[in-house]
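# make a model of this:
(chains A, B, C and D)
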There are 2 protein chains.
Amino acid sequence: MKLQLQIKMNEELYLRNPEHTELGRNIIKHSIQLISQNGFEAFTFKKLAEDIGTTEAGIYRYFENKHRLLIYIISWYWGWLEYQISFQTNNVKDPVVKLKKIIKLLATTVEDDGKTIYVNESLLHQIVISEGSKAYLTKQVGEDNKHHFFKPYKDLCAVIGNIILESSPKYKYPKSLATTIIEMAHFQNFFMKNLPSLTDFGKNKAESEIILFLNDLVFSSIKKN
Amino acid sequence: MKLQLQIKMNEELYLRNPEHTELGRNIIKHSIQLISQNGFEAFTFKKLAEDIGTTEAGIYRYFENKHRLLIYIISWYWGWLEYQISFQTNNVKDPVVKLKKIIKLLATTVEDDGKTIYVNESLLHQIVISEGSKAYLTKQVGEDNKHHFFKPYKDLCAVIGNIILESSPKYKYPKSLATTIIEMAHFQNFFMKNLPSLTDFGKNKAESEIILFLNDLVFSSIKKN
DNA sequence: TTTTAAAAGATAGCATTACTATCATAAATA
DNA sequence: TATTTATGATAGTAATGCTATCTTTTAAAA
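Below is the predicted model of the structure:
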């Protein structure tokens, strides 16, 4: 039996549900390819349409603009990651072990598991690293937040924050530490690959070193209390 | 005697040195105002020209494009901040005290001290929080790095990293911890103001709480070794 | 099986953005 | 006074970020 994973998306993010049609799924698939290839700034609906073999107007029937589309795929990633976390930490009692698993999931390049046909999680992970913060670092963040566009990210932070509290009930900054873990898992990765002198992960450039750094950071913070 | 502070800028960042002319200084001044007001995405050379009372072509004589201009003002900020740090930690022996002062400087809204006539450091600080990472989160990061555009940021990280090592010579991740402090000082501030449920700085929304969080994070990491 | 509705394709158009080029004028310097 | 240098004024162009309309295809309902 082949299971297929479905992530429930905020309906206000799109005009027409891209999961329901071939064209819609192509929009998601090719967006991920194009954005990871050329970056979000160079990404346009015109180029996307050409890549798919449809027209610009066709894309606009699904997404109001490219920023919404970015939020869509990033949100999809957070939803997917939360599922991965709940799956991988299922039946694990020790919150310390859970946290270590989460850090590993966050900091490790994911492999495309084929459970989601039109989403390449590995490319998507790269997008989240390079473009993820652009989803909210805008002047419309307040408006977008009213539409609950950041709920998947918040949910993930809440999950991680709660495990931090499980491990150390008196720790004062579980949510801020959670966002720190998430953001730093990605920023250190970006720095390692692009501005390596900003990190301590010299020549080898292995994600495993980021994991060690984050483990050290997190567990020295929460253990001492 | 009134001292005037000059930050030495990378000459490849501009076509004509904006500090040398009235128009150039206006470009810097009004860029900071416009970007902090409307965000970097909505910022165009046309609007900037109108705001100043000059023409678009006039701006292009100083900066190749708006991305270079962003890097210019952000770099200026890092240079300025490094000066502030060296000034405020001068004659301080204890690296722990130094680090605390640095964290405070990073996390606190700066007041415009008038030492730099055409730069409003307070607005610039807001820009660095909201737009700072966009300077390097691009596909051209490698190219830009070859031009040493990120040197001021790297220098600052090196300074902080070295103080971390002074305080704890065996700590393994001084540079990564330095970037974590810098980035989190800004991200937690952004979250606090725009997506508060991602932080633990509830109703009061005081920068002092971010300082407490960062102090806790940093000193639990480096003390235990 | 027809009818009808929904989705996609094809084109057009338009304001704004991100530039480049040219020519004239004012101000500073030699 | 001559001449460089900076600025102003204007034009133009390809690409971007949309909206609108009309036709054809596809698929669901009657």
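# around DNA strand C, pick out the residues from chain A.
Chain A comes close to DNA strand C at residues A:16, A:20-24, A:53-58, A:61-62, as judged by C-beta under 7 Å from any atom of the strand. (Each C-beta comes from the backbone N, C-alpha and C, glycine too.)
# now, which of the residues you listed sits nearest B:Val141?
Relative to B:Val141, the closest of the residues of chain A next to DNA strand C is A:Glu56; by C-beta to C-beta it sits at 28.8 Å.
# wait, what's in contact with the nearest residue to the closest one once chain neighbours are set aside?
The shortest distance from A:Glu56 to any residue that is not its chain neighbour, by C-beta to C-beta, 6 or more residues apart in numbering or on different chains, is 4.7 Å, and that residue is A:Ala49. If a contact means C-beta atoms under 8 Å, 6 or more residues apart in numbering or on different chains, then A:Ala49 has A:Thr55, A:Glu56, A:Gly58, A:Ile59 as its contacts.
# in terms of helices and strands, where is the last one?
If I follow you right, that is A:Ile59. With elements taken from DSSP states H and E, the one containing A:Ile59 is helix A:56-60.
# in the helix or strand just after that helix, which residues are buried?
Sequence-wise, the next helix or strand beyond helix A:56-60 is helix A:66-88, with elements assigned using DSSP H and E. Residues A:66-82, A:84-85 are the ones in helix A:66-88 that count as buried (16 or more other C-beta atoms under 10 Å in any protein chain shown).
# just the helices in chain A please.
In chain order, chain A shows helices spanning A:22-38, A:45-52, A:56-60, A:66-88, A:95-107, A:121-131, A:141-146, A:151-167, A:174-194, A:207-223, with DSSP state H as the criterion.
# which residues sit against the first one?
Residues outside helix A:22-38 that contact it (C-beta under 8 Å, 6+ apart) are A:16-19, A:43, A:47-48, A:51-52, A:54, A:58-59, A:62-63, A:69-70, A:72-73, A:76, A:117-120, A:123-124, A:126-127, A:131, B:139.
# buried set for it?
Within helix A:22-38, the residues that qualify as buried are A:Leu23, A:Gly24, A:Asn26, A:Ile27, A:Ile28, A:Lys29, A:His30, A:Ser31, A:Ile32, A:Leu34, A:Ile35, A:Ser36, counting by 16+ other C-beta under 10 Å.
# same question, the third one
By 16+ other C-beta under 10 Å, the buried positions in helix A:56-60 come out as A:Gly58, A:Ile59.
# any stretches of chain A with poor pLDDT?
Counting by pLDDT under 70, chain A contains low-confidence residues at A:1-3, A:203, A:224-225.
# once you drop chain neighbours, what's closest to A:Ser86?
Spatial nearest neighbour of A:Ser86, excluding adjacent residues (C-beta to C-beta, 6+ apart): A:Val159 at 7.7 Å.
# same deal with A:Ser36?
Computed as C-beta to C-beta, 6+ apart, the closest residue to A:Ser36 that is not its neighbour in sequence is A:Leu123, at 4.3 Å.
# so what's the residue nearest to A:Ser86 up against?
For A:Val159, the contacting residues are A:Glu82, A:Ile85, A:Ser86, by C-beta under 8 Å, 6+ apart.
# right, and the second one touches A:Lys104 too?
No. Under the criterion of C-beta atoms under 8 Å, A:Ile85 is not in contact with A:Lys104, lying 10.4 Å apart.
# quick one on the thing from earlier: can I get the buried residues of helix A:22-38 in JSON lines including distance to DNA strand D?
What follows is these, written out as JSON lines (distance: C-beta to the nearest atom of the strand, whole Å):
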{"residue": "A:Leu23", "distance to DNA strand D": "11"}
{"residue": "A:Gly24", "distance to DNA strand D": "13"}
{"residue": "A:Asn26", "distance to DNA strand D": "14"}
{"residue": "A:Ile27", "distance to DNA strand D": "14"}
{"residue": "A:Ile28", "distance to DNA strand D": "18"}
{"residue": "A:Lys29", "distance to DNA strand D": "18"}
{"residue": "A:His30", "distance to DNA strand D": "15"}
{"residue": "A:Ser31", "distance to DNA strand D": "13"}
{"residue": "A:Ile32", "distance to DNA strand D": "17"}
{"residue": "A:Leu34", "distance to DNA strand D": "12"}
{"residue": "A:Ile35", "distance to DNA strand D": "12"}
{"residue": "A:Ser36", "distance to DNA strand D": "17"}
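# DNA strand C: which of those residues is nearest?
For DNA strand C, the closest of the buried residues of helix A:22-38 turns out to be A:Leu23, at 3.3 Å, with distances computed as C-beta to the nearest atom of the strand.
# next one: the closest one from A:Leu13, what distance?
Using C-beta to C-beta, to the nearest Å, A:Leu23 is found at 17 Å from A:Leu13.
# and A:Glu56, by the same measure?
Distance of A:Glu56 to A:Leu13, given as C-beta to C-beta: 19 Å.
# kindly report the same for A:Val128.
Counting by C-beta to C-beta, the gap from A:Val128 to A:Leu13 is 16 Å.
# what does A:Pro169 give?
When distance is defined by C-beta to C-beta, A:Pro169 is 36 Å away from A:Leu13.
# with A:Leu177 instead?
With C-beta to C-beta as the criterion, A:Leu177 and A:Leu13 are 28 Å apart.
# which one's more surrounded, the two?
Applying other C-beta atoms under 10 Å in any protein chain shown to A:Leu177 and A:Leu13 shows that A:Leu177 carries more neighbours, namely 25 against 21.
# quick one: that one and B:Leu217 touch, right?
Yes. Taking contact to mean C-beta under 8 Å, the distance of 7.4 Å between A:Leu177 and B:Leu217 places them in contact.
# quick one: common contacting residues for these two?
Taking C-beta under 8 Å, 6+ apart as the criterion, A:Leu177 and B:Leu217 both touch A:Ser221.
# before we move on, the earlier item: out of the helices of chain A, flag the one nearest B:Ser208.
For the helices of chain A, the distance to B:Ser208 is smallest for helix A:174-194, at 13.7 Å, taking C-beta to C-beta.
# is that closest one in proximity to chain B?
Yes. For helix A:174-194 and chain B, the contact criterion (C-beta under 8 Å from any C-beta of the partner chain) is met by A:174-177, A:179-180, A:183-184, A:187-188, A:190-191, A:194.
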